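Q: pasting the sequence and the predicted model now:
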Number of protein chains: 2
Amino acid sequence: MANETLVTISQRTGFSISTISRVLSGQAERYRISPATVQLIEEEAKRCNYIPNLLAKGLTTRRTNIIGLLIPSVDNPYFANIASVVIRQAKTQGFTTMVVDTMENEKNEQQDVLSLISRKVDGIIIVPCDRDPAFLERISKHNIPIVLIDRYFDATSLPYVCTDNYQGGYEATMHLIGLGHERIACIQGVPYSMPNKERVRGYREALRQNNLEKNARVSGEDFSVQNGYLETKLLLNGPSAPTAIFTLSNTILLGAVKAIRESGLRIPQDISIISFDNNTYLDYLDPAVTRVSQPTEEIGILAVKILTESIAGNEAGDAQILIPPKLIVCNSVSRLAVHEK
Amino acid sequence: MANETLVTISQRTGFSISTISRVLSGQAERYRISPATVQLIEEEAKRCNYIPNLLAKGLTTRRTNIIGLLIPSVDNPYFANIASVVIRQAKTQGFTTMVVDTMENEKNEQQDVLSLISRKVDGIIIVPCDRDPAFLERISKHNIPIVLIDRYFDATSLPYVCTDNYQGGYEATMHLIGLGHERIACIQGVPYSMPNKERVRGYREALRQNNLEKNARVSGEDFSVQNGYLETKLLLNGPSAPTAIFTLSNTILLGAVKAIRESGLRIPQDISIISFDNNTYLDYLDPAVTRVSQPTEEIGILAVKILTESIAGNEAGDAQILIPPKLIVCNSVSRLAVHEK
DNA sequence: TAAGTTTGCACAAACGCTTGCGTAACGGCT
DNA sequence: AGCCGTTACGCAAGCGTTTGTGCAAACTTA
């Protein structure tokens, strides 16, 4: 009872394989198969639980309706969220998604991309962790569409959909300044990564516009809880401690919160904090954390849209899109009285 | 430069397709291909960037080295974590994972399973959301291995790897009782789901062993924040409010915390709380939440192991395994003085 | 009724790979 | 010289589809 194929149905109904194929793939009228025949074949297919072999179909049609999604860590809620959106959105377009976890390792990334190509995915959506676009650009020439998300490269023609990290950094900092803060420290993640660079650029620009550039303090080296913790310790114990800290990711935030609590300081009375990345739990911290929320939903949806268009041959494929983030204001930032400055 | 195949390599090297195939799939010595030939072919393959077509390979070998993973919600950190483990573990065994989000919908689930079978996955790991195992059992007869995780069915021979939810419910409740609590309310999720039933059973058994069964109070109807919020409101405003609340999931917990805060009560001084599910953020709530942590790592690893064994033909395939959870003690439960009882 | 048109389907090649079997060439042995 | 065992590879079938083309039979039309 296991493997029904077009052949077995053909034998049992007496029609040729091609007729069966056309009926079962909805091409009946295009090939003028009579309604009677169609019904016979469809009934038999149903009866014997025919399941088409998509490998064979893919081999001949050169289309698999699979898109590959590569992300650095499925375990990170931010990426999991994006994956969730992409999977759902792809499904509405008739695509199945293969999710690969590159573990933030460029070696893995290259290997995984090749593996997906081997599997003949129709297109690839990727959060690149390589510093160099060369590999992906080469792949892209192989006429397989690629869309970058969350991170992009400086001088590349690869299409991307990302948060406008510059604006996020800028708005967060302006928010702090607007409430009277002047000594604002920024704890960053991986310094060379594009999102990080842009966030820092926004931070600096906001300071500059308010003649505070001399107060700029950027430290930190990766997107880890540990990093947030250590850098915060240093800030709190150093000279002229900041009145506010801007953490560039949710992980860094957690480390910062831990360090602040250990020091006995209260948020926001003694020190204010603002962060990048959104998360349900941030509403349940005490106090709820003011943050820059990235438009994951829009990113996922747009990426799929661009990719599927490109797969369909419509060259909307070279879109390079930045989506503005949203500032979610909660209670982790205090308004400073003038004398406190 | 696009599509190199065995044929093109064959033409350029002058060797037959079969020879190329055997060399490139490491079967060279088994078929006594001379070292000189091997080197020639391998060099040419490298030079022209040959990428094997796994569709074709799958068609002939009837093995794809893909496993399908179906989970109810990629967006839920608990499931995302499991997915992460499965993907990583599967990769070490040479398998790629196709992740599908069933959105907690049994109709989707069936459709998704069929789709994966169409794609000729070698096996399936699934968090079932159907109440009835009939469909999966039928599929399983189709000689495609299936392993259930996180949830299982009562009277089925399908292999599974799950948390020992009974023990989790029992230990959490015993922990509360041990600290002097006697009025312990339990807010549950979907009542008929196996994990929920088992957790409640453990809760009741702990009460019973301490002659507190008359105090048992189980309410709630699904694993949502909303549910946790509403049920907690009811509990706090009802007669003889509990001294402790046991929430059966992280989502329910969040709702409960919100309700408690709104009521002005303090945790744990005024009311204690303990929850199911682990999450980094729980350490950063104030206070950090005492919780029953599910062994996601072990579940994922074991599930992959059982599945791959079964795929390999070794009938370790009918394992049914419960793994004990771990109690993580934080500060959300107070010790009650005797007179407070 | 002959010629032309339409209807309804079958043939067979192709997709890229694996694999059982066959066999030519060569060397060693008697 | 004849026989045999290796060595080193090639042949061709088959996996389950799709799809361009071909072709009888039926139906029109004049």
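A: Structure's in. What do you need? Numbers count the residues shown, from 1 in each chain, chains lettered A, B, ... in the order given.
Q: in the stretch 1-150 of chain A, which spans are helices?
A: A:6-13, A:17-24, A:35-47, A:54-61, A:77-92, A:106-118, A:134-141 (DSSP state H, counting those that start in this stretch).
Q: can you tell which of those helices is closest to B:Arg119?
A: Nearest to B:Arg119, of all the helices of the stretch 1-150 of chain A, is helix A:54-61, at 5.0 Å by C-beta to C-beta. (Each C-beta comes from the backbone N, C-alpha and C, glycine too.)
Q: about what we covered before: most tightly surrounded among the helices of the stretch 1-150 of chain A?
A: Comparing the helices of the stretch 1-150 of chain A by mean neighbour count (mean count of other C-beta atoms under 10 Å in any protein chain shown), helix A:77-92 ranks first with a mean of 22.
Q: return the distance of that helix from the chain's centre.
A: Taking C-alpha atoms, centre = their mean, to the nearest Å, the mean C-alpha location of helix A:77-92 is offset from the chain mean by 8 Å.
Q: per-residue pLDDT, A:Lys341?
A: A:Lys341 carries a pLDDT value of 45.
Q: just A:Arg12 next, same as before
A: 94.
Q: ok, now which ones touch it?
A: With contact set as C-beta atoms under 8 Å, 6 or more residues apart in numbering or on different chains, A:Arg12 has these partners: A:Glu44, A:Cys48.
Q: can you redo the helices of the stretch 1-150 of chain A as a markdown table with distance to B:Leu282?
A: Formatted as a markdown table, those follow (distance: least, C-beta to C-beta, whole Å):
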| stretch | distance to B:Leu282 |
| --- | --- |
| helix A:6-13 | 54 |
| helix A:17-24 | 51 |
| helix A:35-47 | 49 |
| helix A:54-61 | 42 |
| helix A:77-92 | 13 |
| helix A:106-118 | 30 |
| helix A:134-141 | 38 |
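Q: can you list the residues of the stretch 151-300 of chain A near chain B?
A: A:Val225, A:Leu254, A:Val257, A:Lys258, A:Asn279, A:Thr280, A:Tyr281, A:Tyr284, A:Leu285, A:Asp286 (C-beta under 8 Å from any C-beta of the partner chain).
Q: please name the nearest non-neighbouring residue to the last one.
A: Okay, so that is A:Asp286. B:Asp286 (4.0 Å; C-beta to C-beta, 6 or more residues apart in numbering or on different chains).
Q: the one you found: neighbouring residues, count only.
A: 17 (other C-beta atoms under 10 Å in any protein chain shown).
Q: confirm that it sits in a strand.
A: No. Under DSSP: H, G, I helix; E, B strand; the rest coil, B:Asp286 falls outside any strand and is assigned coil.
Q: filter the residues of the stretch 151-300 of chain A next to chain B down to the buried ones.
A: A:Val225, A:Leu254, A:Val257, A:Lys258, A:Asn279, A:Tyr281, A:Tyr284, A:Leu285, A:Asp286 (16 or more other C-beta atoms under 10 Å in any protein chain shown).
Q: show me the strands in the stretch 201-341 of chain A, by range?
A: According to DSSP state E, counting those that start in this stretch, the stretch 201-341 of chain A carries its strands in the segments A:217-219, A:244-247, A:272-276, A:290-293, A:320-323, A:326-328.
Q: ok, which of these comes nearest B:Gln39?
A: strand A:320-323 (44.1 Å).
Q: what are the contacting residues of that closest one?
A: Here strand A:320-323 has contacts from A:152, A:159-164, A:167, A:295, A:298-299, A:302, A:306, using C-beta under 8 Å, 6+ apart.
Q: what's near enough to touch the nearest residue to A:Leu148 once chain neighbours are set aside?
A: With C-beta to C-beta, 6+ apart as the criterion, A:Leu148 has its nearest non-adjacent residue at 3.9 Å, and that residue is A:Tyr160. By C-beta under 8 Å, 6+ apart, A:Tyr160 lies in contact with A:Val147, A:Leu148, A:Ile149, A:Arg151, A:Tyr152, A:Gln320, A:Ile321.
Q: 10 Å - rerun?
A: A:Tyr160 sits next to A:126, A:128, A:146-153, A:194, A:299, A:302-303, A:306, A:318-322 when contact means C-beta atoms under 10 Å, 6 or more residues apart in numbering or on different chains.
Q: same thing with A:Asn3?
A: Counted by C-beta under 10 Å, 6+ apart, A:Asn3 has contacts A:Tyr50, A:Ile51, A:Asn53, B:Arg62, B:His142, B:Asn143.
Q: count of residues packed around the third one?
A: The local packing count at A:Asn53 equals 19, with neighbours defined by other C-beta under 10 Å.
Q: tell me the spacing between it and A:Leu59.
A: 9 Å (C-beta to C-beta, to the nearest Å).
Q: need the overlap of contacts for those two.
A: In contact with both A:Asn53 and A:Leu59: B:Gly58, B:Leu59, using C-beta under 10 Å, 6+ apart.
Q: quick one: residues contacting the most centrally placed residue in chain A.
A: Nearest residue to the geometric centre of chain A (C-alpha atoms, centre = their mean): A:Ile82, 4.5 Å. By C-beta under 10 Å, 6+ apart, the contact set of A:Ile82 is A:69, A:71, A:76, A:125, A:127, A:149-150, A:294, A:296-297, A:299-300, A:303, B:74-75.
Q: any idea how far DNA strand C is from it?
A: 32 Å (C-beta to the nearest atom of the strand, to the nearest Å).
Q: thinking again about what came up before, for B:Arg88, state which of the buried ones among the residues of the stretch 151-300 of chain A next to chain B is nearest.
A: A:Val225 (20.2 Å).
Q: which residue packs closest to the closest one, ignoring adjacent ones?
A: A:Gly255 (4.2 Å).
Q: circling back: any chance of the buried ones among the residues of the stretch 151-300 of chain A next to chain B in a markdown table, plus distance to A:Tyr203 and pLDDT?
A: Conversion of these to a markdown table gives the following (distance: C-beta to C-beta, whole Å; pLDDT from 0 to 100):
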| residue | distance to A:Tyr203 | pLDDT |
| --- | --- | --- |
| A:Val225 | 21 | 94 |
| A:Leu254 | 20 | 95 |
| A:Val257 | 20 | 96 |
| A:Lys258 | 22 | 94 |
| A:Asn279 | 21 | 90 |
| A:Tyr281 | 24 | 91 |
| A:Tyr284 | 27 | 91 |
| A:Leu285 | 22 | 91 |
| A:Asp286 | 26 | 86 |
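Q: so which of the residues you listed is the closest to A:Ala337?
A: For those, the nearest to A:Ala337 is A:Asp286 (23.2 Å; C-beta to C-beta).
Q: ok, that closest one - contacts?
A: Contacts of A:Asp286 (C-beta under 10 Å, 6+ apart): A:Val257, A:Arg261, A:Arg266, A:Ile267, A:Asn331, A:Ser332, B:Val257, B:Arg261, B:Tyr284, B:Leu285, B:Asp286, B:Pro287.
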